[in-house]
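Enquirer: Please find the sequence and the predicted model below.
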Amino acid sequence: MSLLNIFGRIGLLPAVVGIGVLSLGTSAFATSNTFNAATNVAGQNSQAVSGYTISAPSYTLNATNAANIDSVSFTATGAVIPGTAKVKLSSAYKSCSITGSVSPWTINCNNGSTLGETVSGTTTFDVLLVQ
């Protein structure tokens with residue numbers, strides 16, 4: 001069966017639209033981000049990513065109800081002190097404070113007084129650091 005017969009049976013417009021969608025889908029994944037660690041630093045995840053290495057995560061459970069997480073802290077090592085630090089354990093990023101003036105920095109996340117996360121609701125340890 002030739003392409004002309006196929007297009008004639010299903011119609012030319014759906015075939016052209018389908019080919020166009022496939023073309024857009026493959027080109028959307030071709031771009032990437034590049035960071036220069038000396039001038040642009042960003043890091044996300046619990047491994048060395050774009051300028052920071054995250055290590056020694058530590059959780060503090062609530063003294064009254066150990067099913068709740070009051071805070072999480074970790075160490076960030078890199079060439080440039082991060083200006084913003086956040087952590088996500090479930091669905092939303094929580095603000096963190098940065099301690100220290102030289103690497104490694106101690107990052108403590110307690111969202112004011114408690115992190116507001118539960119042990120059972122924790123599905124990830126996602127760190128966001130921005131210069």
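Expert: Done, it's in.

Enquirer: Find the nearest non-adjacent residue to residue 120, please.
Expert: Leaving out its chain neighbours, the residue that sits closest to residue 120 by C-beta to C-beta, 6 or more residues apart in numbering is residue 67, at 6.7 Å. (Each C-beta comes from the backbone N, C-alpha and C, glycine too.)

Enquirer: Cross-check the contact I'm expecting between that neighbour and residue 118.
Expert: Yes - the pair residue 67 / residue 118 is scored as a contact, 5.6 Å apart, by C-beta atoms under 8 Å.

Enquirer: Give me the more crowded residue out of those two.
Expert: Shown here are residue 67 and residue 118; by other C-beta atoms under 10 Å, residue 118 has more neighbours (14 against 11).

Enquirer: Check what pLDDT that one gets.
Expert: As predicted, residue 118 sits at a pLDDT of 87.

Enquirer: Test my guess that it contacts residue 68.
Expert: Yes - counting by C-beta under 8 Å, residue 68 is a contact partner of residue 118 at 5.7 Å.

Enquirer: any weak-confidence spans in the chain?
Expert: Applying pLDDT under 70 to the chain flags the ranges 1-50, 112.

Enquirer: quick one, helices of it?
Expert: 3-10, 12-27 (DSSP state H).

Enquirer: How about the contacts made by the residue nearest to residue 110 when sequence neighbours are not counted?
Expert: Counting by C-beta to C-beta, 6+ apart, residue 71 is the residue found nearest to residue 110 once chain neighbours are left out, at 3.8 Å. Residue 71 sits next to 59-60, 108-110, 114-115 when contact means C-beta atoms under 8 Å, 6 or more residues apart in numbering.
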